[in-house]
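J.: Got a sequence here, can you model it:
(2 chains)
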Amino acid sequence: MKTPTEHTSDASEERSADKADLAALDAKIRAHAKAHQQKNPEPAETGRRSTAIGMAFRLSTELVAGLVAGGIIGWIVDDQLGTKPWGLLTFFFLGMAAGILNVFRTAQKLAADAAAQVGKPDDPSGDK
Amino acid sequence: MSAADQESGGLGIDPMHQFEVHAIIPINLGGIDASFTNASMWMVFAAVGIIGLTVFAMGGRAMVPGRWQSIAEMSYEFVANMVRDNVGKAGQSYFPFIFTLFMFVLFSNMLGMLPYSFTTTSHIIVTFALALFIFLGVTIIGVVKHGFHFLSLFVPKGLPAVLLPLIVVIELISYFSRPISLSVRLFANMMAGHTMLKVFAGFVIGFLGAGGLFTGLAIAPIAFMVAFTGLEILVAFLQAYVFAILTCIYLNDALHLH
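T.: Next comes the predicted model:
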């Protein structure tokens, strides 16, 4: 019969062996996945194309949201200060500028993301 | 199709009917209508679905996960990676919120794809409430973390003093437009897709009702609907993803300024 200390050391040895096995399996799976992706790169390609519609929608809502926010602020300013058309007019155009700024920033971010994706196709341990 | 419908030129189907909210259990709290509606019911379904997936599917805690456990683990890892990539280490403490948000929007969108269901996210008030909560939460986090310095978010670096008042106002409007763009994007996507499906379903009924040569033509809108349903499922996922990732980006702005 084993003493308790022997038993625990045995178990931990077994566990570390399991861990090594798993790590080896993980490396194997990753190598296969990489080989598979190099052979048929279509899935990634379709994935990128399908997000184009999402991108387009994202940009257009950014533009409209700027306008709407500007319009609402202008309306509130007019309502509170009694400067009837001027608040809405001013903030409508400022809202336009804000919308364009939004679109510009979003497009910059999307471009940066796309460049980062091309740089490293898939890195499962993507620590930053 | 009734004769009255044909006379009025309608196709016997109202594409907006699916968005109607009606009370299931009427509740009146001191003059405020707080009824349990079909919208509330489908939100409860979404919550129950998420709890089912995350609690019961993970119940086995198997080393080699089964199908359901895989789904739960994949969603967890997906959101965890999203938070790590977009917010960094500081974002880890906000992971539960973003995970809940992503799963709720995803489940609401996906449940909306079931026939006879109700899409809660196709109502602007639902998405706007979510977006406003995020907007206020992120702003409060920013103010608590940085105090007065948080206002530097509205002042780009290297700005000439002459342009300062103009640019700060534009930046402020841009900041206030965030909850609007966030909510409108999700709501418009869901509503437009579902309306489109119903309109094309109306075409099918119209063709079949016309009879004769037109009956065969009904195959065209049916084929379109099959393809479009696939796209709608993609949109349902994509919009949940976009909603969550934008929350991450806003959170990142508030935590790290720029």
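J.: Quick one: end-to-end length of stretch B:14-23, please.
T.: 20 Å (C-alpha to C-alpha, to the nearest Å).
J.: Look up how far chain B lies from the spatially most central residue of chain A.
T.: The centroid of chain A falls nearest to A:D113 when counting by C-alpha atoms, centre = their mean (8.0 Å). From A:D113 across to chain B, the span is 10 Å (C-beta to the nearest C-beta, to the nearest Å). In short, each C-beta sits where N, CA and C put it, glycine included.
J.: Without its sequence neighbours, what residue ends up closest to B:M41?
T.: B:I24 (6.1 Å; C-beta to C-beta, 6 or more residues apart in numbering or on different chains).
J.: Which residues does the helix or strand encompassing that neighbour contact?
T.: Counting by DSSP states H and E, the element that carries B:I24 is strand B:23-25. With contact meaning C-beta atoms under 8 Å, 6 or more residues apart in numbering or on different chains, strand B:23-25 is reached by B:D33, B:S35, B:F36, B:T37, B:N38, B:S40, B:M41.
J.: picking up where we left off before, name the SS class of the residue nearest to the centre of chain A, please.
T.: Secondary structure, DSSP: H, G, I helix; E, B strand; the rest coil: A:D113 is helix.
J.: how close does it get to B:D85?
T.: Going from A:D113 to B:D85 by C-beta to C-beta, to the nearest Å gives 10 Å.
J.: again with B:A62
T.: 28 Å.
J.: residues contacting B:F187?
T.: B:T121, B:S122, B:H123, B:I124, B:V126, B:T127, B:F128.
J.: Show me what counts as buried in the host helix or strand of it.
T.: Under the criterion of DSSP H and E, B:F187 resides in helix B:178-210. Residues of helix B:178-210 classed as buried under the neighbour-count rule (16 or more other C-beta atoms under 10 Å in any protein chain shown) are B:178-191, B:193-194, B:196-198, B:200-207.
J.: Check stretch B:87-102 too.
T.: Buried residues in stretch B:87-102 (16+ other C-beta under 10 Å): B:V87, B:G91, B:Y94, B:F95, B:I98, B:F99, B:L101, B:F102.
J.: does that stretch come close to chain A?
T.: Yes. Using C-beta under 8 Å from any C-beta of the partner chain, stretch B:87-102 reaches chain A at B:G88.
J.: who touches that stretch?
T.: Identification of contacts with stretch B:87-102 by C-beta under 8 Å, 6+ apart yields A:128, B:50, B:75-76, B:79-80, B:82-84, B:130, B:134, B:137, B:240-241, B:243-244, B:247-248, B:251-252, B:255-256.
J.: how many other residues sit next to residue 74?
T.: By default, I'm working from chain A. Residues lying near A:G74 (other C-beta atoms under 10 Å in any protein chain shown) number 23.
J.: wrong one, I was asking about chain B
T.: Neighbours of B:M74 under the rule other C-beta under 10 Å: 11.
J.: next one: B:S35
T.: Residues contacting B:S35 under the criterion other C-beta under 10 Å number 16.
J.: what pairs with the closest residue to it other than its chain neighbours across the strands?
T.: Nearest non-adjacent residue to B:S35, counting by C-beta to C-beta, 6+ apart: B:A23, 3.7 Å away. On the basis of DSSP bridges, B:A23 is bridged to B:T37.
J.: Next one: B:A23 from B:F187, what distance?
T.: For B:A23 relative to B:F187 (C-beta to C-beta), the value is 22 Å.
J.: The strand or helix carrying A:V64 relative to helix B:178-210, how many degrees between them?
T.: Taking DSSP H and E as the definition, A:V64 sits inside helix A:42-81. Calculated by axes from the mean of the first three to the mean of the last three C-alpha atoms, to 10 degrees, helix A:42-81 forms an angle of 110 degrees with helix B:178-210.
J.: quick one: helix A:42-81 to chain centroid distance?
T.: 17 Å (C-alpha atoms, centre = their mean, to the nearest Å).
J.: now do stretch A:67-83
T.: The answer for stretch A:67-83 is 34 Å, by C-alpha atoms, centre = their mean.
J.: got it, and stretch B:26-34?
T.: With C-alpha atoms, centre = their mean, you get 27 Å for stretch B:26-34.
J.: Can you give me the end-to-end span of that stretch?
T.: End-to-end for stretch B:26-34, by C-alpha to C-alpha: 7 Å.
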